[in-house]
Each structure stands twice: as structure tokens, then as C-alpha cells.
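Student: Sequence isn't available, so here's the structure alone:
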């Protein structure tokens, strides 16, 4: 008798646990569906804001389907950099004026640092209009000052690449490191350099394909 009671009790407990699990799953699914669209809208808004910040002359942006060369991808990966979405920027009269490139460094002190770069490739040396940080989780008071200390140093600079220094910038392509946050500085500079390199590759390909003219 005791054994039968034990089995019944176990079945009762198992049934109760199953019901609780099912209800919890349904609730989680409901919450996910409820919040999915607002979250997606906020993410899209943040991206639009970042694009506008780094390419203020643009009226609209078109996502570009592309595949960077294996050599470039390998070079970027060796510095912990990967390239995400690329947008072509256009004026109101549909004149192509440059690229907005998402570049991510996986070597930040606190993890990934996601940047958006606005690049004008028509100048003799590409002009970096600006950098916008979309995501960063560095140390408060140190790496988290990247937006305040590093970002302004990139604005409207013509460069193929940048370096960083801890002893004071001596040229337009040198970036003053954040004091006490060299790892963050290096990650940001590498991400920016990766975006610049990809923009050159994309522009050269566009010229070859006749999509844009260097005489424009």
C-alpha cells in the first residue's frame, strides 16, 4: 500500500511540475511576443540615429549586400575585428556620398565594442566623417569614456588608418589613448581601421563595376 501511495504522490508531483513548466513557458512566450516588436523598433531607431550621426549629409541609407575578400577578413580577424551591416548613404536627389559601416571589436576590456563609421571615399584619402558607438561595456570612468575621449578625435580626419599613443598625439592620424584604458583604446582604433579598410575595398569594387565614378 505504501508503495502505491508513493507512486501516486510521485505522479501528482510530476503532473504539478509539468503544469507549472507549461504555464511558465507559455508566459515567457507571451512576454517575448509582446516585447519583440518594441525592442526591434528601438534597435532600428538606435541604428538610424547612429547612421545620421556619422553621415549627417545623407537623406537616406540603403543596406548593401557584399562579401569582403578572404584576405581582408583574415586580416581584420587577426585584430579581433568583424564587419557587420554596411549602408550606402544617399542625398535627397539619390547621389551616393559614402558608406556607413558597422565594425565590431571583440577585444574590448569588457567584451564587444560595436561602432558605426561614416566614410566619404571620394577624397584622395578616405575621410572619416565620424564614429558612433552603438554598444560598449567597458569599465566605468575608464573605458566607458571612449565616446567622450576617443570619438571626437576621429571626426573629419583623412586617413587610411590610425594609431594610438600614450604620450600625446603628434599627427592627425594619432589618437590619444584614454588614460588607464589602453585595451579599450586599441580595440576602438582597430575597429575604426577595419571599417576604413573595408570601405576602400568596397569603393574600388564599385568603381570597377561602374556603379560610381571617381570624377563625380
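Tutor: Arrived safely. Keep in mind that what you see is a predicted model, and the values were worked out from it rather than measured.

Student: what helix or strand is residue 82 on?
Tutor: Using DSSP states H and E, the element containing residue 82 is strand 81-90.

Student: residues making contact with that strand?
Tutor: Among residues not part of strand 81-90, those counted as contacts by CB atoms under 8 Å, 6 or more residues apart in numbering are 47, 51, 55, 57-64, 66, 68, 73, 76, 96-106, 114, 118, 190-191, 193-195, 198, 202. (Glycine included, C-beta is placed from N, CA and C.)

Student: Just the buried ones from those residues, in ChimeraX syntax?
Tutor: Only the buried entries of the contacts of strand 81-90 go into this ChimeraX selection, using 16 or more other CB atoms under 10 Å:
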select :47,51,55,58,61,68,73,76,96,97,98,99,100,101,102,103,104,105,114,118,190,191,193,194,195,198,202
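
Student: all helices of this structure, in order?
Tutor: With helices called from DSSP state H, the chain shows them at 2-54, 70-78, 146-149, 151-154, 182-208.

Student: any idea which of those is most buried?
Tutor: Highest mean neighbour count of those: helix 182-208, a mean of 21 (counted as mean count of other CB atoms under 10 Å).

Student: Report the contact partners of the closest residue to residue 197 other than its chain neighbours.
Tutor: Closest residue in space to residue 197, ignoring its immediate chain neighbours: residue 72 at 6.2 Å, by CB to CB, 6 or more residues apart in numbering. Residue 72 makes contacts with 197, 198, 201, as judged by CB under 8 Å, 6+ apart.

Student: Of these, which is the nearest to residue 170?
Tutor: residue 197 (23.1 Å; CB to CB).

Student: How about the strand holding residue 82, which residues are buried there?
Tutor: 81, 82, 83, 86, 87, 88, 89, 90.

Student: can you list the residues that contact stretch 102-114?
Tutor: Outside stretch 102-114, the residues that touch it by CB under 8 Å, 6+ apart are 79-86, 115-117, 133-139, 142-143, 146, 181, 183-184, 186-188, 190-192, 194-195, 198.

Student: Tell me the bridge partners for the residue nearest the centre of the chain.
Tutor: In the chain, the centroid-proximal residue (CA atoms, centre = their mean) is residue 114; its distance is 3.2 Å. Taking DSSP bridges as the rule, residue 114 bridges to residue 104, residue 135.

Student: mind listing what the strand holding residue 82 pairs with, with the direction of each?
Tutor: Using DSSP bridges, strand 81-90 pairs in its sheet with strand 60-63 (antiparallel), strand 96-108 (antiparallel).

Student: How far away from the center of its chain is the longest one?
Tutor: Spelled out, it's strand 96-108. 6 Å (CA atoms, centre = their mean, to the nearest Å).

Student: Okay, angle between that strand and helix 182-208 too, please.
Tutor: Strand 96-108 runs at 150 degrees relative to helix 182-208, counting by axes from the mean of the first three to the mean of the last three CA atoms, to 10 degrees.
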